[in-house]
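Chemist: The following block contains a protein sequence and its predicted model.
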There are 2 protein chains.
Amino acid sequence: VNYADRLEESVRRCGNACLVGLDPHLDLIPEEFPAARDPAASRGERAAAVGDFLCAVVELVAGRVPAVKPQSAFFEALGADGAVQWERVVRTARESGLLVIGDVKRGDIGSTAAAYATAFLEGLSPAGDGSRCDAITVNPFLGTDSVRPFLETCARTGTGIYVLVRTSNPSSAEFQAQGHPTLSERVADAVARWGDQPELVGRCGLSSVGAVVGATHAAELARLRQRMPRTPFLLPGYGAQGAGAGDVAVGFLAGGRGALVNASRSVLFAYRQSPGEHWQDASITAVDRMAREINAALAARA
Amino acid sequence: VNYADRLEESVRRCGNACLVGLDPHLDLIPEEFPAARDPAASRGERAAAVGDFLCAVVELVAGRVPAVKPQSAFFEALGADGAVQWERVVRTARESGLLVIGDVKRGDIGSTAAAYATAFLEGLSPAGDGSRCDAITVNPFLGTDSVRPFLETCARTGTGIYVLVRTSNPSSAEFQAQGHPTLSERVADAVARWGDQPELVGRCGLSSVGAVVGATHAAELARLRQRMPRTPFLLPGYGAQGAGAGDVAVGFLAGGRGALVNASRSVLFAYRQSPGEHWQDASITAVDRMAREINAALAARA
């Protein structure tokens, strides 16, 4: 089944477009998982504690939000032990009915990109598929031939990609906003073209080729939305990075369709803002508040 | 010790600037390692065979070339089993006296980039350092704040980075050659600036912040060399991708300094062009020929 259709169905079922980012900063993990923070623990013990925490988060948000986004860097910092936990967390999330968007930002020349597509979207054998993602983020710096292997894999396996178009970080304008058209605009046009092939477009009318566009640049977000009318957006920047619900609403299509809004730390580590509250209660409160705020902004815009 | 100084010393000692890329395409691995190609073998068995092959390659080229460049994608395609072999290959290469440049092309926002720097250049604890790289490749799409955590780690740990400036693949012009100045030129200027801080410049006068510039674009390579006068270059494109020794020579500084020339398949899988010869003999012949050709081109240019 096409990724865009699976995504639409999952958003519809949950009644919100919240994407919970799984960025396990070791120092921020609740004390209930003491090995994660403990420099005296072995790497395997620390990694297992990270996995325990994230599986508990997955259990908490399953059925409540459509998707989670594990960030590979934090797993890779734990080496081979982290890779074991990556597979465990991805498998647990998929088994819980969540879509998994692997935030890996890979990008390389053709045959190497094909290996990354195998790594994250397909697996070497059907037996390995349970730990593969439904979609991943991709870096477009190397151009079309670096993206094509992902497109082929997406068409064959019903998975998706989100291409970095305009990121949410402070330096993002340094290269991305330069030139006429800007680099982001060129990439946006390529994303629309890449996603246009019939094998990648779902019955819902959206493509399985998405775009990452920071909600911290509201005017650009609106212009980029026009250039990519049937592209699913992944919107970082909400909450901690400064974008509000009104800012992210600009990235949606009519009817509140076609976008996911990411929140990582503000959900995962909500307990840090809420002394005395158990981390699970704080996270649930944060994710429910986020869903309510975004739905209200979308309703106000309709 | 500063990475640029370690690199210079290693090139001087070996008498050549060859970089052997470790890209273990499963289907090309010699039959002496049958599990690598065998879809009926377990993933762990396939990964172990890949590791066995690459450790044999490392043993073969140690002392002969200054550095190797494992490509993470092919390890990641083997999941957590591949991650174990990545650490094994990196550790074996470093223990053999080879510099290890991890070809990981990572790039992400600040706190995530810091996790990648931990993953590949530093490790969580001194005990893990043996499986960390001397340098890695980095994707600059997100701008300065995504590179800064790597710079800090490099300065602290005597490691290096190679930033993608102009890649060797056919589509690389699509974004990289657009604008005035072009994206590649903007990145080149940033690379020169990032590498200019005193903590990153070695006694040899070169920086630990390098650039990846494809040797398949000889005219651009010469211009980019002028923009980055004390930047170590990593030059892909030699051999299989079409660049000759004369093309890569343009990327060097006077005296044949300041660049490494990568060859992956043409060394690793040389046996496929040389029926009847053992894979090790074919690889040695290929690497020696490459060293001779490049040294001759550098001598002709001097």
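Modeler: All right, it came through fine. Residues are numbered from 1 along each chain as shown, chains lettered A, B, ... in the order given.

Chemist: Find the nearest non-adjacent residue to A:A249, please.
Modeler: A:A297 (4.2 Å; Cβ to Cβ, 6 or more residues apart in numbering or on different chains). C-betas here are computed from N, CA, C, even on glycine.

Chemist: The one you found reaches A:G246, doesn't it?
Modeler: Yes: counting by Cβ atoms under 8 Å, A:A297 touches A:G246, with 5.1 Å between them.

Chemist: Contacts for stretch A:194-213 next, please.
Modeler: Where contact means Cβ atoms under 8 Å, 6 or more residues apart in numbering or on different chains, the residues beyond stretch A:194-213 that reach it are A:2-5, A:7-8, A:135, A:137, A:144, A:147, A:151, A:154-155, A:158-167, A:188, A:191, A:220-221, A:224-225, A:228, A:230-236, A:251, A:257-258.

Chemist: Give me the subset of these lying in strands.
Modeler: Among these, the residues falling in strands (DSSP state E) are A:A135, A:T137, A:G160, A:I161, A:Y162, A:V163, A:L164, A:V165, A:R166, A:F233, A:L234, A:L235.

Chemist: Now render those residues as a markdown table, adding pLDDT, neighbour count and distance to chain B.
Modeler: Shown next, in a markdown table, are the ones in strands among the contacts of stretch A:194-213 (pLDDT from 0 to 100; neighbours: other Cβ atoms under 10 Å in any protein chain shown; distance: Cβ to the nearest Cβ, whole Å):
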| residue | pLDDT | neighbour count | distance to chain B |
| --- | --- | --- | --- |
| A:A135 | 98 | 30 | 16 |
| A:T137 | 98 | 26 | 9 |
| A:G160 | 98 | 29 | 19 |
| A:I161 | 98 | 32 | 15 |
| A:Y162 | 99 | 26 | 14 |
| A:V163 | 99 | 26 | 11 |
| A:L164 | 98 | 27 | 6 |
| A:V165 | 98 | 29 | 10 |
| A:R166 | 98 | 26 | 10 |
| A:F233 | 98 | 25 | 17 |
| A:L234 | 98 | 27 | 14 |
| A:L235 | 98 | 28 | 14 |
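
Chemist: would JSON lines of those residues with distance to B:A177 be doable?
Modeler: Putting these into JSON lines (distance: Cβ to Cβ, whole Å) gives the following:
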{"residue": "A:A135", "distance to B:A177": "29"}
{"residue": "A:T137", "distance to B:A177": "24"}
{"residue": "A:G160", "distance to B:A177": "29"}
{"residue": "A:I161", "distance to B:A177": "24"}
{"residue": "A:Y162", "distance to B:A177": "25"}
{"residue": "A:V163", "distance to B:A177": "19"}
{"residue": "A:L164", "distance to B:A177": "19"}
{"residue": "A:V165", "distance to B:A177": "19"}
{"residue": "A:R166", "distance to B:A177": "20"}
{"residue": "A:F233", "distance to B:A177": "28"}
{"residue": "A:L234", "distance to B:A177": "28"}
{"residue": "A:L235", "distance to B:A177": "30"}
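
Chemist: And these, which is closest to B:S274?
Modeler: Closest approach between these and B:S274, by Cβ to Cβ: A:I161, at 38.9 Å.

Chemist: who does the closest one bridge with?
Modeler: Beta-bridge partners of A:I161, counted by DSSP bridges, are A:I136, A:V209.

Chemist: surely it meets A:P149?
Modeler: No: A:I161 lies out of contact with A:P149 (Cβ under 8 Å); the separation is 10.4 Å.

Chemist: Show the residue spans covered by the strands in the stretch 51-200 of chain A.
Modeler: A:67-70, A:99-106, A:135-138, A:160-166 (DSSP state E, counting those that start in this stretch).

Chemist: I'd like those strands written out as JSON lines, with distance to A:P198 added.
Modeler: Compiled in JSON lines, the strands of the stretch 51-200 of chain A are given as follows (distance: least, Cβ to Cβ, whole Å):
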{"stretch": "strand A:67-70", "distance to A:P198": "25"}
{"stretch": "strand A:99-106", "distance to A:P198": "22"}
{"stretch": "strand A:135-138", "distance to A:P198": "19"}
{"stretch": "strand A:160-166", "distance to A:P198": "15"}
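
Chemist: how about those strands, which one is nearest A:V58?
Modeler: Closest approach to A:V58 among these (Cβ to Cβ): strand A:67-70, 6.4 Å.

Chemist: close to chain B, is the closest one?
Modeler: No: Strand A:67-70 stays clear of chain B (Cβ under 8 Å from any Cβ of the partner chain), getting no nearer than 11.8 Å.

Chemist: number of nearby residues for A:A114?
Modeler: By the measure other Cβ atoms under 10 Å in any protein chain shown, the count of residues near A:A114 is 21.

Chemist: Now it. Nearest residue, chain neighbours left out?
Modeler: Nearest to A:A114 is A:P149, by Cβ to Cβ, 6+ apart, at 3.9 Å.

Chemist: Could you report the pLDDT at that neighbour?
Modeler: Per-residue pLDDT puts A:P149 at 98.

Chemist: residues in contact with the closest residue to A:A73 other than its chain neighbours?
Modeler: In space, and not counting its chain neighbours, A:A73 is closest to B:A115: 3.8 Å by Cβ to Cβ, 6+ apart. Neighbouring residues of B:A115 by Cβ under 8 Å, 6+ apart: A:H25, A:Q71, A:A73, A:F74, A:E76, A:A77.

Chemist: pLDDT and neighbour count added to those residues, as CSV?
Modeler: As requested, those are exported to CSV (pLDDT from 0 to 100; neighbours: other Cβ atoms under 10 Å in any protein chain shown):
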residue, pLDDT, neighbour count
A:H25, 97, 20
A:Q71, 98, 23
A:A73, 98, 26
A:F74, 98, 25
A:E76, 97, 24
A:A77, 96, 27
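
Chemist: Strands along the stretch 201-302 of chain A, start to end?
Modeler: Secondary structure of the stretch 201-302 of chain A (DSSP E, counting those that start in this stretch): strands at A:209-213, A:233-235, A:259-263.

Chemist: nearest to B:P66, of these?
Modeler: Using Cβ to Cβ, those put strand A:209-213 closest to B:P66, at 37.6 Å.

Chemist: Could you tell me the average pLDDT over that closest one, please?
Modeler: Strand A:209-213 carries an average pLDDT of 98.

Chemist: Could you do stretch A:81-91 as well?
Modeler: 97.

Chemist: I'd like to know how many residues surround the residue nearest to A:A114.
Modeler: Neighbour count of A:P149, defined by other Cβ under 10 Å: 21.

Chemist: Report whether the expected contact of A:Q178 with B:R186 is present.
Modeler: Yes: contact criterion Cβ under 8 Å: A:Q178 and B:R186 qualify, at 6.3 Å.
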